[in-house]
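# just to be clear, the model below is a prediction. Sequence and coordinates:
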Number of protein chains: 2
Amino acid sequence: MLEKLKDYLAREIPLINAVLAKEIASLPPSILEVAQHVLNAGGKRLRPFLVLLMARALGYAKEDVYPLACALEIFHSATLIHDDVLDEAELRRGQTASHIQFGNKRAILAGDGLLALGNLIVARYNNPLLTQVVSEAILATAYGEIEEIAFSKNKIDKETYFRIISGKTAYLIQAACECGAILSGSEDLVLAAKSYGFNLGVAFQLIDDVLDYTQSHEIMGKPQLGDLREGKITLPLIYYVETLSLAEQEEFWEKFFSFSFEEEELEEILLTIKEKEISERVKTEAKAYLDKARKSLEAFPESKEKEILNSILTYIVEREK
Amino acid sequence: MLEKLKDYLAREIPLINAVLAKEIASLPPSILEVAQHVLNAGGKRLRPFLVLLMARALGYAKEDVYPLACALEIFHSATLIHDDVLDEAELRRGQTASHIQFGNKRAILAGDGLLALGNLIVARYNNPLLTQVVSEAILATAYGEIEEIAFSKNKIDKETYFRIISGKTAYLIQAACECGAILSGSEDLVLAAKSYGFNLGVAFQLIDDVLDYTQSHEIMGKPQLGDLREGKITLPLIYYVETLSLAEQEEFWEKFFSFSFEEEELEEILLTIKEKEISERVKTEAKAYLDKARKSLEAFPESKEKEILNSILTYIVEREK
């Protein structure tokens, strides 16, 4: 089943990349350079791919779906550029983060420019609903990021964690699916597309947060335990803390908020996460979201793209980066 | 003539502010607080006022012009918030800049959120041309800012200066006028509205740059010689340098780029600018732009709002802050 997904991707990614290159070509050189740095570093192109698949699964065959798909990747890149400034991240997709390469100022302004470019592309479709959907998603993304930062000096519970990842990840993925469905004109399936996207997005972030504790630096293209080092509390960490006694928990949080762990303490955290099967526990939660996404697809007519949308749900939990 | 402008403003500003407060009320609290900090600090509301006037001057009497007008102020606030982060400015409109008050991270994300909110409001008008106009302006504003930063370690000539101020100021003011005209449906006068806005915008920034050398800290609500202190080369400074011998110029630039002026040297610069009537020279250039703006209005039908649009051109050069 994943073979079909891989074939589809192998055919579509070059087309997406070609349109992306064309769409950003009109940017002023100083913004273009930052955009190319981020976009040429790879990335899964999940969001544009979802726009394509959704539109086609709902019967839209026109070629003009590509720029809309690319707009979603452009919005995503803009948020990544701003995120990296905020997180003071050094690496992104295995290469120097853009604010390190070009300086904070250019990175912030390039992000603003890319947000504007995305809106320009979306405006060409003559459908203000598309602009509304992407703008709501960008607002939600900014809010998710703010919440993440606001809580970075506090212990958070599961509920807050889920609110944060919905904001910072799920809503833009939801918007990608919604845009594809809106473009197709199948009004009665827009809600199903939205639900597929939201649940996929939450699961995607859950797995991302697991990978931070299980995958090596080489595979991820960013430092292992990056979230822990940045003081980000994610679900694997919340579950890890639950394995500690109250006294241990207190000691842990003290070290966490000052990031004063010794290397062997970090090793021990990783070991506990492995031994207590915390990854599996988080993956089980991710699968519950993926099941909801799968259910949302049931209303869709049968098509090759529906199959691919289903296999993405399988890929999400099995992926290694 | 300015009396009518003042009366009109006195009536409209509270209405604009009420709609602004209503439009931002839906923001998440952590973004709302930053937005209120910036918007409640005052500001001339030039951009929303221009949207109103343009729409009405072209026969549009409906009340729904207010949210569109406010969207332009929201975009402007977003760019101000990001600018202040970039410039490391401490004051804005006489109060603590928002990145100092709330931290860089929240300021950057609040700016992103406000850009998205502005787009949401504009999308409600069901006219993608409006989204296109504001997005192009925001892209141009980001580019103007990047150019300003890129050149901040270099001497710039008049041509570069004009390109920078067109980007960072004139295009958003142009967009305000264009949006008002588009909303009115008077397609044949959109170009005239655009030209009025662009020329007004350039003149506005020229006068702003003059005021930085002539007005006191108390009146401006930000430090005197702020531009010089931030290493910004503006037209008054370009003209000041022209009064120096080549040897003096070299010495000046050296001190300028390291900002190693003594207080008495700064006094002397201010004195020369006064004695050589440099403000007057820049004001004369500003007036040439205002004349072009006035010419663009000639095609407009007679109305109270046309009168006010004309008197804004007079106000721009006479304003003291």
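On my side now, so go ahead. Residues are numbered from 1 along each chain as shown, chains lettered A, B, ... in the order given.

# may I ask which helix or strand encompasses residue A:110?
Element membership for residue A:110 (DSSP states H and E) is helix A:104-123.

# export that helix as PDB, just CAs?
In PDB, the C-alpha atoms belonging to helix A:104-123 read as follows (Å, rounded to 0.1, in the frame of the first residue of the first chain):
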ATOM      1  CA  ASN A 104      17.300  37.500  12.500                       C
ATOM      2  CA  LYS A 105      16.200  40.700  10.700                       C
ATOM      3  CA  ARG A 106      16.200  39.300   7.200                       C
ATOM      4  CA  ALA A 107      14.700  36.000   8.500                       C
ATOM      5  CA  ILE A 108      11.800  37.900  10.100                       C
ATOM      6  CA  LEU A 109      11.100  40.000   7.100                       C
ATOM      7  CA  ALA A 110      11.500  37.100   4.700                       C
ATOM      8  CA  GLY A 111       8.800  35.300   6.700                       C
ATOM      9  CA  ASP A 112       6.500  38.300   6.400                       C
ATOM     10  CA  GLY A 113       7.200  38.500   2.700                       C
ATOM     11  CA  LEU A 114       6.400  34.800   2.300                       C
ATOM     12  CA  LEU A 115       3.200  35.100   4.200                       C
ATOM     13  CA  ALA A 116       2.200  37.900   1.800                       C
ATOM     14  CA  LEU A 117       3.300  35.900  -1.300                       C
ATOM     15  CA  GLY A 118       1.100  33.000  -0.100                       C
ATOM     16  CA  ASN A 119      -1.900  35.300   0.200                       C
ATOM     17  CA  LEU A 120      -1.200  36.700  -3.300                       C
ATOM     18  CA  ILE A 121      -1.300  33.200  -4.700                       C
ATOM     19  CA  VAL A 122      -4.400  32.300  -2.900                       C
ATOM     20  CA  ALA A 123      -6.100  35.500  -3.900                       C
END
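
# please name every helix or strand in contact with the helix or strand just after it.
Counting by DSSP H and E, the element after helix A:104-123 in chain order, helix or strand, is helix A:128-150. Using 3 or more CB pairs under 8 Å, 6 or more residues apart in numbering or on different chains; DSSP states H and E, the elements in contact with helix A:128-150 are helix A:65-87, helix A:104-123, helix A:158-165, helix A:171-184, helix B:29-39, helix B:104-123, helix B:128-150. Backbone N, C-alpha and C define where each C-beta goes, glycine included.

# among those helices, which is nearest residue A:29?
Shortest distance between residue A:29 and those, using CB to CB, is found for helix B:128-150: 9.5 Å.

# pLDDT averaged over the closest one - what is it?
Mean pLDDT, helix B:128-150: 90.

# ok, stretch A:90-105 next?
74.

# does it reach chain B?
Yes - on the criterion CB under 8 Å from any CB of the partner chain, stretch A:90-105 is in touch with chain B at A:104, A:105.

# centre-most residue in chain A?
Among the residues of chain A, the one closest to the centroid is residue A:169, at 4.7 Å (CA atoms, centre = their mean).

# pLDDT score assigned to that residue?
94.

# can you check the one 10 residues further on too?
At residue A:179 the predicted local confidence, pLDDT, stands at 98.

# quick check: it touching residue A:51?
Yes - with contact defined as CB atoms under 8 Å, residue A:179 and residue A:51 form a contacting pair (5.5 Å).

# between these two, which contacts overlap?
Common contacts of residue A:179 and residue A:51, defined by CB atoms under 8 Å, 6 or more residues apart in numbering or on different chains, comprise A:68, A:72.

# tell me if I'm right that the residue nearest to the centre of chain A and residue A:203 touch.
No - Residue A:169 lies out of contact with residue A:203 (CB under 8 Å); the separation is 9.9 Å.

# chain neighbours aside, what residue packs nearest to the residue nearest to the centre of chain A?
Closest residue in space to residue A:169, ignoring its immediate chain neighbours: residue A:205 at 4.1 Å, by CB to CB, 6 or more residues apart in numbering or on different chains.

# next: residue A:135.
In space, residue A:135 is closest to residue B:119, 4.0 Å off (CB to CB, 6+ apart).

# what about the one you found, neighbour count?
As a burial measure, residue B:119 scores 31 neighbours (other CB atoms under 10 Å in any protein chain shown).

# touching, it and residue A:119? I think so.
Yes - between residue B:119 and residue A:119 there is a contact under CB under 8 Å: 5.8 Å.

# so what sits against both of these two?
With CB under 8 Å, 6+ apart as the test, residue B:119 and residue A:119 both reach A:131, A:134, A:135, B:131, B:134, B:135.

# closest one of these to residue A:288?
For these, the residue nearest residue A:288 by CB to CB is residue A:134; the value is 27.7 Å.

# show me what contacts that closest one?
Counted by CB under 8 Å, 6+ apart, residue A:134 has contacts A:71, A:72, A:75, A:118, A:119, A:122, A:175, A:179, B:119.

# contacting residues around the fifth one?
Looking back up the chat, that one is residue A:119. Residue A:119 touches A:71, A:131, A:134, A:135, B:119, B:131, B:134, B:135, B:138, counting by CB under 8 Å, 6+ apart.

# kindly report the same for the second one.
Under the criterion of CB under 8 Å, 6+ apart, the neighbours of residue A:72 are A:47, A:48, A:50, A:51, A:118, A:134, A:172, A:175, A:176, A:179.

# what confidence value was assigned to it?
98.

# show me the contacts for the nearest residue to it once chain neighbours are set aside.
Residue nearest to residue A:72 in three dimensions, not counting chain neighbours: residue A:47, with 4.1 Å by CB to CB, 6+ apart. Residue A:47 is in contact with A:69, A:72, A:73, A:75, A:76, A:172, A:173, A:176, counting by CB under 8 Å, 6+ apart.

# out of those, who's the most crowded?
residue A:176 (33 neighbours).

# indicate which one of the helices and strands packed on helix A:128-150 is closest to residue A:7.
helix A:65-87 (18.2 Å).

# gap between the closest one and the chain center?
Mean-position distance between helix A:65-87 and its chain equals 10 Å (CA atoms, centre = their mean, to the nearest Å).

# for it, which positions count as buried?
Within helix A:65-87, the residues that qualify as buried are A:65-87, counting by 16 or more other CB atoms under 10 Å in any protein chain shown.

# can you check stretch A:268-279 too?
A:269, A:270, A:273, A:278, A:279.

# nearest to residue A:232, of these?
For those, the nearest to residue A:232 is residue A:269 (14.0 Å; CB to CB).

# who are the packing partners of the helix or strand residue A:286 falls within?
Under the criterion of DSSP H and E, residue A:286 resides in helix A:278-297. Applying 3+ CB pairs under 8 Å, 6+ apart, we find helix A:278-297 packed against helix A:190-214, helix A:235-242, helix A:304-318.
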